[in-house]
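A.B. asks: Predicted model, plus sequence, below.
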Amino acid sequence: MKLANYLKKENVYLCDTCKDTNHLYGDFAHFLKEKGVIADARRVKRLFVKRESVQSTGIGRGVATPHIFCDEFSEFFLAMALVRQGIDFKAPDGKAVHVIFLIMSDDRDIGLHLKTLAHLARLTGGCDLAAALKDARDEAEAFALVLEREKAILH
């Protein structure tokens, strides 16, 4: 698995602050709708909020990995959100989340969801990715930093 095969810099969402996960998911769904990726932003937001209500997708070290299945996505779709000031995801380590990898697809890609979750856990477990990304100047720099950090675990 390589993030560059799925994560594109135009699918990086950057903001300074966000009130809570509910607002983040709404803003992110609107971002996807504006890009023409989805048609129904309310539905996508609702699915992310519902998933988060089951159990926190915060995995610790400033990272969260929310994931949904929805027929709005005809193929596997990976995006990244960066919240500079952090947001409470009720992560197991109690730390604010700055980096959110959002995983979306229809229900045919369950295996790829699981591989991606495992890959992201490996990527974020060995380094402080959130600290490195928090000060990224823009979406392109954040994207480049993630791919740079990934190279270290692939070799």
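C.D. replies: Received, thanks.
A.B. asks: who's in contact with Ala132?
C.D. replies: If you count contacts by Cβ atoms under 8 Å, 6 or more residues apart in numbering, Ala132 has them with 145, 149. Using the backbone N, CA and C atoms, a C-beta is placed for each residue, glycine as well.
A.B. asks: hang on, it is in a helix, isn't it?
C.D. replies: Yes - checked against DSSP: H, G, I helix; E, B strand; the rest coil, Ala132 lies within a helix.
A.B. asks: residue contacts, the residue positioned nearest the centre of the chain?
C.D. replies: Geometric centre of the chain, nearest residue: Phe101, 1.6 Å, by Cα atoms, centre = their mean. Taking Cβ under 8 Å, 6+ apart, we find Phe101 in contact with 7, 63-66, 78-80, 116, 120.
A.B. asks: quick one: which of these has the most company?
C.D. replies: Neighbour counts for the contacts of Phe101 peak at Ala64, which has 27 neighbours (criterion: other Cβ atoms under 10 Å).
A.B. asks: Could you list the buried residues of the host helix or strand of Phe143?
C.D. replies: Here Phe143 sits within helix 139-154, counting by DSSP states H and E. Of the residues in helix 139-154, 139, 141-143, 145-146, 149-150 count as buried by neighbour count, 16 or more other Cβ atoms under 10 Å.
A.B. asks: contacts for that helix?
C.D. replies: Applying Cβ under 8 Å, 6+ apart, the contact partners of helix 139-154 are 2-4, 7-10, 12-14, 80, 82, 122-123, 126-127, 129, 132-133, 136.
A.B. asks: swap the cut-off to 7 Å and go again
C.D. replies: If you take Cβ atoms under 7 Å, 6 or more residues apart in numbering as the criterion, helix 139-154 is touched by 2-4, 9, 12, 14, 80, 82, 122-123, 126-127, 129, 132-133, 136.
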